[in-house]
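**Student:** Sequence first, predicted model second:
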Amino acid sequence: MLLKKAEERYALKLITPSIVVVMGVIIIPIITTFIYSLVNIDPLSSHRGEFAGLSFYISALTSSAFWADLRRTLYFTIASTAAETVFGLLVALLLNQSFPGVRFLRSIIIIPWAIPTVVNGSLWKLMLNGEYGVVNAILTKLHLLSAYQSFLGSPKTAMMCIVIADAWKMTPLAVIFFLAALQGINPTVYEAARVDGAGALQRFKAITLPALAPTIMVVIVMRTVEKFKAFDIFYLMTRGGPANSTRTLMYTTYLQAFTNLNYSEAATCAYLIAIIVGILTLVYLRIMRREENI
Amino acid sequence: MKKAVLLAAVASLMLTLATPAMAEDVTLNALFMKQAGYSEDDVTAMTEAFTAETGIAVNPTFVAYEELAPKILTSATSGGYDVILGDCIWPAQFAKAGLVLDVTDKVEALDLDDIYQGALDATRYEGKYYGMPWLNDVKYMFVNKELLSQAGIDEVPATWDALIEDAKAVKEAGICEYPIVGCYAQAECLICDYTCIAGSFGGAFVDENNQPTLNSEENVAALDFMASTLADGLCNPKSLEMIEDDVLSTFAAGNAVFAINWTYQYASMNDESQSSVAGQGVITPIPGTDKAESATVNGGMPLMITAGSTHPDEAWEYMLFLASKEMQAKYCANALPIWKSLYEDAQVKETAGEEVVAASQIQFDYIVNRPMVPYYNELSTSMQAEIQLVLLGQKTAQEALDGLQETALKLAES
């Protein structure tokens, strides 16, 4: 009995540092942010210090700006995740073949992922510049454009440009995941299928895709959550413009906190993002469990 | 004996505690801006001169304009920085949020008659001063006279009507596809340009009681005018993604005849290492209309002491040094002095350029302040998006400004 208590005390001592860190950087901020969303702490408000209840949540959910931000966030999340998954899969299939130089290609594919987002955002902003950007130069030389375009200055193209910039950077991550999964597939299965007369597309549908399904799901879950929280690429490339066409929920949270000093509104927005991401994660986890059971 | 030793020890301890920290022991942290105004090299040189004179060490940090506010907001109360460079639109917000110290007594002890009103306005909220005027800047019109003369025009336009006629002539002659360029990105620079143009149409965003007047006839006319320059192909459509540096580079590449920008464009556009139009451009007052001869926006930036600073006296000493006549006269190539008396100084005229000094003497008489209200940043964010919609042709100026007026009234009430 005494020994057990001593062991418990020893265990407690060992995990105390972890508890302190988790409390300090996760639990306490989560609780504090929640309190901020219920009590008006906006330094410029005449209602500062007053208990607001759910009024910040109600006002956010009933504002058209919130739903417009959510739509844009979903558009970016879906488009970017889809691009990464599809291109990631295609590149992984290519790099899974054996041909001269494949090892070199497998090494350099990581480069975009290794580039910091700040560099990536600035790089794409320069390349897409309407006056001297290389993208404009190439498209004009190829006669695909008659004149230089302002890709980041038009609401029609700005979000798509950010999707491309983000997908370019993060596709290698998906490639690494898919490549690892592809290399785990037993080659004899393919040989047997080939002997049975299955074509390339049939082999892909019957063998590769089912074998990759759990990995695809992991990539989609992971990337969706990350994309929903994306901020830096928007801050670097467009700052929400033009005419709010690239303003996402995360960017609005930033504006509310660090430009408008509406800390309670920012806390509310942050909580709503966390709730949506939580729901998305639960949905994906359920799908994954169902897949595993099958 | 023991008693004597004990007494001596206590006395020396008390003396240590009572002696204020020597200047040599103090290290100030200061936050500055990288773009426009004094260059990083200038501020570093001024800071080194201050340390050499006082023994007070200073760690200056330089960030882009957009990084200033987040850094200040997250560190002001904890004292991460003692001295901060703020924009003239922030003192109202910072003062109300208790982020900066009230330095009214210190500022009023200065020779205020010798300081330009625009620079003083940049530090003031509700009759109190929250900083030391330092960066004295307004926007000007920059004109590429060489390109203009190729279209047979020798005179720089003094009105917007004349400017439009000149722009049409330049475009029709095939000299420049888009003669006008503006910084119309979804950023504060768009509001600065709109302030200049609205002011020259006789408009203002608030009245003398700080009540919003966004949808006034003059403001609508000014915004319609801005949109028409884009619709008519006179203004570069890429202006919608441009900030000040992009306007400068477009002008410096010879791809614009008319550009509104801060003083720093003058030195850069005449620097052969970064401009292909060196010697071709002139700086002039922003054109006007029959409602106003000219108008410009106050771009003054004061130095402020954060509420969390543990060395406010040393911080003030540093601010005074940076804003001293000696420093302002020496480093006026990129930013003009706040002191009126320096404009007669031969060194200032030579360093800043006679043309800049002459233009400033006219332009300073037409300064328009952006609303100095605590909710300005939130209003500006809404204005940037709505004005862009008008410039893109997706909303009329009247619709956008009516909506903004409603937003401003709500913000003023909250």
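**Tutor:** It's in. Numbers count the residues shown, from 1 in each chain, chains lettered A, B, ... in the order given.
**Student:** For the residue of chain B found nearest chain A, give its distance to A:Ile287.
**Tutor:** Proximity of chain B to chain A (C-beta to the nearest C-beta) peaks at B:Gln186, 2.6 Å away. Backbone N, C-alpha and C define where each C-beta goes, glycine included. Distance, B:Gln186 to A:Ile287, using C-beta to C-beta, to the nearest Å: 38 Å.
**Student:** repeat for B:Asp313
**Tutor:** 64 Å.
**Student:** which non-adjacent residue is nearest the most centrally placed residue in chain B?
**Tutor:** Centroid check for chain B by C-alpha atoms, centre = their mean gives B:Gly299 as the closest residue, at 2.5 Å. Spatial nearest neighbour of B:Gly299, chain neighbours left out: B:Asp137 (4.0 Å); criterion: C-beta to C-beta, 6 or more residues apart in numbering or on different chains.
**Student:** pLDDT value on that neighbour, please?
**Tutor:** Looking at B:Asp137, its pLDDT stands at 91.
**Student:** tell me which residues of whichever strand or helix holds A:Ala82 are tucked away?
**Tutor:** For A:Ala82, the element it lies in under DSSP states H and E is helix A:64-95. Judged by neighbour count using 16 or more other C-beta atoms under 10 Å in any protein chain shown, the buried positions of helix A:64-95 are A:66, A:69-70, A:72-74, A:76-77, A:79-81, A:83-85, A:87-89, A:91-93, A:95.
**Student:** Stretch A:28-36 too?
**Tutor:** Buried, per 16+ other C-beta under 10 Å, within stretch A:28-36: A:33, A:36.
**Student:** got the CA coordinates for that stretch in PDB?
**Tutor:** Output of stretch A:28-36 as PDB, limited to C-alpha atoms (Å, rounded to 0.1, in the frame of the first residue of the first chain):
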ATOM      1  CA  ILE A  28      -5.800  28.300 -19.400                       C
ATOM      2  CA  PRO A  29      -5.800  30.200 -22.700                       C
ATOM      3  CA  ILE A  30      -8.900  28.100 -23.800                       C
ATOM      4  CA  ILE A  31     -10.800  29.000 -20.600                       C
ATOM      5  CA  THR A  32      -9.600  32.700 -20.700                       C
ATOM      6  CA  THR A  33     -10.600  33.100 -24.300                       C
ATOM      7  CA  PHE A  34     -14.000  31.600 -23.600                       C
ATOM      8  CA  ILE A  35     -14.500  34.100 -20.700                       C
ATOM      9  CA  TYR A  36     -13.400  37.000 -23.000                       C
END
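**Student:** Which residues outside that stretch are in contact with it?
**Tutor:** A:263-264, A:267, A:270-271 (C-beta atoms under 8 Å, 6 or more residues apart in numbering or on different chains).
**Student:** Out of those, the closest to chain B would be?
**Tutor:** Nearest member of the contacts of stretch A:28-36 to chain B, counting by C-beta to the nearest C-beta, is A:Tyr263, at 9.7 Å.
**Student:** residue boundaries of the strands in chain B?
**Tutor:** Per DSSP state E, chain B carries strands over the ranges B:27-33, B:57-63, B:83-85, B:124-125, B:128-129, B:132-135, B:139-144, B:180-181, B:258-262, B:281-284, B:296-297, B:301-305, B:367-368.
**Student:** The fourth one pairs with which strands, and in what direction?
**Tutor:** For strand B:124-125, the pairing partners within the sheet under DSSP bridges are strand B:128-129 (antiparallel).
**Student:** what mean pLDDT does the partner strand have?
**Tutor:** 96.
**Student:** Kindly report the same for stretch B:55-64.
**Tutor:** What stretch B:55-64 shows for mean pLDDT is 94.
**Student:** Name the surrounding residues that touch that stretch.
**Tutor:** Contacts of stretch B:55-64 (C-beta under 8 Å, 6+ apart): B:22-24, B:26-35, B:40, B:43-44, B:47, B:50-51, B:71, B:81, B:83, B:314, B:317-318.
**Student:** ok, of these, which come out buried?
**Tutor:** If we count by 16+ other C-beta under 10 Å, the contacts of stretch B:55-64 have these buried: B:26, B:28-33, B:35, B:43, B:47, B:50-51, B:71, B:81, B:83, B:314, B:317-318.
**Student:** Which positions in chain B make contact with chain A?
**Tutor:** Residues of chain B lying near chain A by C-beta under 8 Å from any C-beta of the partner chain: B:66, B:69-70, B:73-74, B:93, B:96-98, B:185-187, B:237-242, B:246, B:249-250, B:253, B:255, B:374-375, B:377-378, B:381, B:384-386, B:388-389, B:392, B:394, B:414.
**Student:** From these, list just the buried residues.
**Tutor:** Buried among these (16+ other C-beta under 10 Å): B:69, B:73, B:93, B:96-97, B:185-187, B:237-242, B:246, B:249-250, B:255, B:374-375, B:377-378, B:381, B:384-386, B:388-389, B:392.
**Student:** Wait, the residue nearest to the centre of chain B touches B:Trp134, no?
**Tutor:** No. Using C-beta atoms under 8 Å, B:Gly299 makes no contact with B:Trp134, being 11.8 Å away.
**Student:** Would you state the helices of the stretch 151-294 of chain A in chain order?
**Tutor:** Ranges of helices in the stretch 151-294 of chain A, per DSSP state H, counting those that start in this stretch, are A:158-183, A:187-195, A:200-203, A:209-228, A:232-237, A:249-258, A:263-293.
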